[in-house]
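Student: what follows is a predicted protein model with its sequence.
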Amino acid sequence: MPTRTDKNKIKWTNPANQNPEITIDDFKAMVKESEKSPFLSMTQYKRNRKEWRKKLLKDKK
């Protein structure tokens with residue numbers, strides 16, 4: 001079933017200000033799409049951040 005927002009880009013960082021209003025189907029579609037994205041564990045995130053900081057500080061010198 002098509003929704004009113006099928007063709008409109010939804011800004012999920014601030015969904016309350018959207019017009020027309022976001023439907024339940026829009027939200028379900030966003031969750032399904034998000035679940036397809038690659039997963040990054042907290043350990044890997046911290047490791048990446050630490051490497052990024054080292055590189056950033058090294059480049060600033």
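Tutor: Structure's in. What do you need?

Student: from the contact counts, what lies against the lowest-mean-pLDDT helix or strand in the chain?
Tutor: The weakest-scoring helix or strand in the chain, judged by mean pLDDT, DSSP states H and E, is helix 24-35 (a mean of 86). Using 3 or more C-beta pairs under 8 Å, 6 or more residues apart in numbering; DSSP states H and E as the contact test, no helix or strand touches helix 24-35. In this view, the C-beta of every residue, glycine as well, is placed from N, C-alpha and C.

Student: buried sites along it?
Tutor: For helix 24-35, the buried set under the neighbour-count rule, 16 or more other C-beta atoms under 10 Å, comprises D26.

Student: now that helix, how far from the centre of its chain.
Tutor: 12 Å (C-alpha atoms, centre = their mean, to the nearest Å).

Student: what is the mean pLDDT for the helix ranked longest in the chain?
Tutor: As assigned by DSSP state H, the longest helix anywhere in the chain is helix 42-60. Per-residue pLDDT values over helix 42-60 give a mean of 89.

Student: quick one: contacts of it?
Tutor: L40 (C-beta atoms under 8 Å, 6 or more residues apart in numbering).

Student: from T23, how far out is L57?
Tutor: Distance, L57 to T23, using C-beta to C-beta, to the nearest Å: 46 Å.
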